[in-house]
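[1] Just to be clear, the model below is a prediction. Sequence and coordinates:
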Amino acid sequence: MTTITVLKLDFKGQLTWRYQGKLLERSPHKIILEAFFDRDDVRVNEMVLRFGVRFIETFYDDQWYNIFEVHDRENGLLKGWYCNIGYPAKFHRRTISYRDLALDLLILPDGTQTVLDEDEFTSLPLSPTVQAQARLALSELQAKFTNLECIPNPYASVNYAVNYKRSK
């Protein structure tokens, strides 16, 4: 399978995180990857992201967001979705980059939605046009996840047998 490097950039375009994922699907405006959380444990409201948590990540070059479907590292069960609001992703042959705008949406399997980091977003020196585009993207995601059945994922059980050993 093809390996893709993901470059997460801040709103200014500065690199904040680099990691790799396996390409699952590529179409003209969408790329879907399988990636594994490679950092120490982080609590995001009710969801805990642990080293080795499995993500099915969908990036768009024509939408102001990306969607990460999160699966438990122990049993593969769905933990929820983490959505980043940001500029549309840029696709290159083996690289995806996206500029994050701090505003996020967390959705739990029961449909509970939580907007995250709104204070950080509002403090960014963004143009009114970019602010409006980000808010529109958030509204679109909230509507998309109002009916959880509208988010089918054919990759939910792809290659889950992975050995999680931290490299030291």
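    Received the coordinates, thanks.
[2] burial measure for residue 110, as a count.
    Residues lying near residue 110 (other Cβ atoms under 10 Å) number 7. All C-beta spots, glycine's among them, are computed from the backbone N, C-alpha and C.
[3] Residue for residue, what is the longest helix this structure has?
    The residue-count maximum for a helix in the chain (DSSP state H) belongs to helix 128-144.
[4] Flag every buried residue along that one.
    Under the neighbour-count criterion of 16 or more other Cβ atoms under 10 Å, helix 128-144 has 133, 134, 137, 138, 141, 144 buried.
[5] Roughly how far does the second one sit from residue 37?
    Right, residue 134. As judged by Cβ to Cβ, to the nearest Å, residue 134 and residue 37 stand 25 Å apart.
[6] residues in contact with the longest helix of the chain?
    Contact with helix 128-144 is made by 63-65, 67, 83, 85-86, 101, 103, 105, 113, 115, 121, 126, 150-151, as judged by Cβ atoms under 8 Å, 6 or more residues apart in numbering.
[7] What residues sit buried inside the helix-or-strand element of the chain with minimal mean pLDDT?
    Ranked by mean pLDDT, DSSP states H and E, the helix or strand of the chain with the weakest confidence is strand 47-49, at a mean of 82. Within strand 47-49, the residues that qualify as buried are 47, 49, counting by 16+ other Cβ under 10 Å.
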